[in-house]
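Asks: have a look at this fold, sequence not included:
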């Protein structure tokens, strides 16, 4: 599964799933544009990518800011001349009972989890068409398929990104752009731990599990369509 001469843009790449995806794609031969809010984390992941012999360009970005999202797309194209793979991974998960959901939390969640993937996709779509195709991976969640009582905001955003991806997948078939919503169960990330402090990370998926799946999806031939993939942990699995 090689990505030689490809360029991937990964959001939320400073840690967790985004970092794991960026490293997996670099190991497969891609050059990487990494985006996140924390410059120190970006510098660290860029160092690891460059140690693998690949090029890396870091763009500190607040994905809640539409202007910064557009700047990210522009810088990615300026840095390497193309973007072949877009991984919309950055996310917000702040949970409240429905009557207590602050409007600013709702707006922030939709801005990062839904609007930013839309803006990046719109900014890069025509470029991908002109390049002959591309791959868009939107990191959704099983919470976008079955909501819980306490995660209305997060779940609504993930339902939205799954619907957006379905439309992208159908529109992209005419222009060789493949779009896939990756829907994991619980993943051992800092964000997850903050919401579930008593959970044992050994009992849930790892960021590397998701990175392997993302790499698999990104390396399918153009004739193969994977519109949505659900990944959950098998608690009885071994090896």
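Replies: Noted; the coordinates are in hand. Keep in mind the model is a prediction, meaning the values are calculated, not measured.

Asks: now do the buried residues in the lowest-mean-pLDDT helix or strand in the chain.
Replies: Per-element confidence for the chain was summarised using mean pLDDT, DSSP states H and E. The lowest value among helices and strands belongs to helix 190-195, with a mean of 86. Counting neighbours by 16 or more other Cβ atoms under 10 Å, one finds that the buried residues in helix 190-195 are 191, 192. For every residue, glycine as well, the C-beta is placed using N, CA and C.

Asks: who are the packing partners of that helix?
Replies: With contacts defined as 3 or more Cβ pairs under 8 Å, 6 or more residues apart in numbering; DSSP states H and E, helix 190-195 has no packing partner among the helices and strands.

Asks: which strands and helices lie in contact with the top strand by length along the chain?
Replies: Ordering each strand of the chain by length in residues (DSSP state E) puts strand 177-184 first. When contacts are defined as 3+ Cβ pairs under 8 Å, 6+ apart, strand 177-184 sits against helix 116-131, strand 134-139, helix 152-172, helix 207-218, strand 228-231.

Asks: what about the longest one, distance to the chain center?
Replies: Its chain's C-alpha centre lies 13 Å from the corresponding centre of helix 152-172 when counted by Cα atoms, centre = their mean, to the nearest Å.

Asks: one more: the fourth one?
Replies: On the basis of Cα atoms, centre = their mean, the separation between the geometric centre of helix 207-218 and that of its chain is 11 Å.

Asks: next, the buried residues of that helix.
Replies: Of the residues in helix 207-218, those buried under the neighbour-count criterion (16+ other Cβ under 10 Å) are 207, 208, 209, 210, 211, 212, 213, 214, 215, 217, 218.

Asks: save those as TSV, and put in pLDDT too.
Replies: Converted to TSV, the buried residues of helix 207-218 look like this (pLDDT from 0 to 100):
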residue	pLDDT
207	95
208	97
209	96
210	96
211	97
212	97
213	97
214	97
215	98
217	97
218	97
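
Asks: re earlier: could the helices and strands packed on strand 177-184 be laid out in TSV, adding distance to residue 105?
Replies: TSV is the format used below for the helices and strands packed on strand 177-184 (distance: least, Cβ to Cβ, whole Å):
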stretch	distance to residue 105
helix 116-131	16
strand 134-139	20
helix 152-172	6
helix 207-218	24
strand 228-231	27
